[in-house]
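>>> need a 3D model of the sequence below.
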Amino acid sequence: MYPSIGKSDVIGDCLILSCFPGTSGFTHPGLLLLDPLGNEKYLKLLEELEDEQTPKPEEALLCVNCQHKITTPQEKTVINSSHSHLLTNPYGMKFNVGCFNNADGCMVFGELTSAYSWFPEYYWQYAHCRNCHIHLGWLFSSPSQQRFFGLILDKLSSP
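Predicted coordinates:
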């Protein structure tokens, strides 16, 4: 009847069947709960097991102005021994910049330039929010095709 079932146990009024991984057709391979009496504590256990298997929504870093998704914490990277850098431009404006491998929510524009680059081996271009066009930081690119986004952390928020 259940060719993928390996063994079974009874806990209280609940029959627990151990299934071979990937063959049961259930959301939690390896475990099938049969609860003929409808005991709520076992149904709750089943829900908890399914919650563990449900992929969590990917965290996002959003544009503080319009809440458009810019990047994720998983895209953080380390440049010159740090993810974040406190930087000052030639006009005295200070920026707390975080480095990210990708920022799909940004659009990049402007000529590549090395003028006043905070990372001497890199050229830079402006990075703005694709949705509201607010300035979020810069894309830094090196002649060896390495690149990263330097995003102003005060202009990003979490949901």
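
>>> ok, residue 134 touching residue 65?
Yes: the pair residue 134 / residue 65 is scored as a contact, 4.6 Å apart, by Cβ atoms under 8 Å. No exception for glycine: its C-beta is placed from N, CA and C like everyone else's.

>>> shared neighbours, the two?
The contact sets of residue 134 and residue 65 overlap at residue 155 (Cβ atoms under 8 Å, 6 or more residues apart in numbering).

>>> show me what contacts residue 69?
Counted by Cβ under 8 Å, 6+ apart, residue 69 has contacts 60, 61, 62, 104, 105.

>>> which of the residues you listed fall within helices?
Of those, none are assigned to helices by DSSP state H.

>>> for stretch 105-112, what is the average pLDDT?
Mean pLDDT, computed over stretch 105-112, is 97.

>>> domain ranges for the protein?
Domains of the chain are assigned by automatic domain parsing as 5-53, 61-157.

>>> and the contacts of residue 69, which two are the farthest apart?
By the measure Cβ to Cβ, 62 and 104 form the most distant pair in the contacts of residue 69, at 12.4 Å.

>>> higher neighbour count, these two?
Neighbour tally, residue 62 and residue 104, criterion other Cβ atoms under 10 Å: the higher count belongs to residue 62, 19 against 12.
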